[in-house]
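[1] Need the 3D shape of this:
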Amino acid sequence: MFEIWAKGFAIGLAVAAPVGPIGLLCVKRTLAGGWKAGFATGLGVASADASYGVLVAAGFGVTGVLVAHATLMQIAGGLMIAALGVLALRTFRRAQIAQPQGKPLLAERATPALLENRRGSGLGGAFASGYALTLSNPMTILAFTALVAGLGAGAGAHKAAPYLLVAGVFGGSAAWWALLATGASLTRTRLTPALTRWLDFISGLVLLIWGLWLALAAAQG
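    Numbers count the residues shown, from 1 in each chain. Next up, the predicted model:
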C-alpha cells in the first residue's frame, strides 16, 4: 500500500515541477507577500488536483461532462490568467506613479514590512485562485483516470488504493509548491522595492500574454 502512495507522490512531484503560469504566479506572490502567500497558491493547485482525483477514485461519471466543456473551461482559465497579468501591470503602474520624482529608482531598501503590504487579496484569495485556475483544465481528470486504471490488478482487493494514489499525488504536488515558495522566499529580503516593481511588470506581461495565448489556442482548437 505504501508503494501506491509513493508512486502517487512521485507523480505529483513530477507533474507540478514544470514551471508554467501558475508557477510564475506562485513565485510572484511569494516575493510580494511572503512564503505563506506563495504556498497558499500552490496548495490550491494541489487541492484541485486532489479534487479531480477523488472524483475518479469514487467512480463518479463526470469525465465525459468535463471533457465536453473542456474548451469553455480552458478559455475561462486563460482569461483568468490574463486578468491576473493585468492586475500585476496595474500594480506596477500605480507604484511607478507613486515613485517620488528625482529619487533613484533602486535607492530604496526592501524590507519585509514594505513587501508584506503587497500581499494582495490574502491567503484565501491566493488559495482560491490557484484552485480555480487548476480546475479550469479538465484534462487533469483524464490523467487521473489513466493513473487509477494503471493500478490494474496490482491494486487488487485494496479498495483504498485509488485514494492512496490521490493522497500521494497531493503530497507530491504540495511538497513541490513548498519548495518553490521556499526558494523564492530566500531571495525576498534581498530585493529592493524598485526591483520588485519591475518583477511585477515582467510577470504581469508574461501572465497576460500566456493567458491570452491559452484562451486563443483553446478557442481555435
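
[2] tell me which residues in the strand or helix carrying I97 are buried?
    In this assignment (DSSP states H and E), I97 forms part of helix 70-98. Within helix 70-98, the residues that count as buried by 16 or more other Cβ atoms under 10 Å are 70, 73-82, 84-85, 87-89, 91-92, 95. In short, each C-beta sits where N, CA and C put it, glycine included.

[3] dump the residue contacts of L135.
    Applying Cβ atoms under 8 Å, 6 or more residues apart in numbering to L135 gives the contacts 48, 51-52, 73.

[4] Next one: V56 from T30, what distance?
    31 Å (Cβ to Cβ, to the nearest Å).

[5] what about those two, which has more around it?
    Between V56 and T30, T30 has the larger neighbour count (other Cβ atoms under 10 Å), namely 29 against 23.

[6] Would you mind confirming that the more buried one makes contact with S185?
    Yes. The pair formed by T30 and S185 meets the contact definition of Cβ atoms under 8 Å, at 5.4 Å.

[7] any shared contact partners between the two?
    Common contact partners of T30 and S185 (Cβ under 8 Å, 6+ apart): G38.

[8] check which helix or strand covers the nearest residue to G20 once chain neighbours are set aside.
    Of all residues not flanking G20 in the chain, W210 sits nearest, at 8.0 Å (Cβ to Cβ, 6 or more residues apart in numbering). Element membership for W210 (DSSP H and E) is helix 193-220.

[9] what residue ranges in this structure are flagged as low confidence?
    Residues of the chain meeting the criterion pLDDT under 70: 59-68, 98-121, 138-158, 221.
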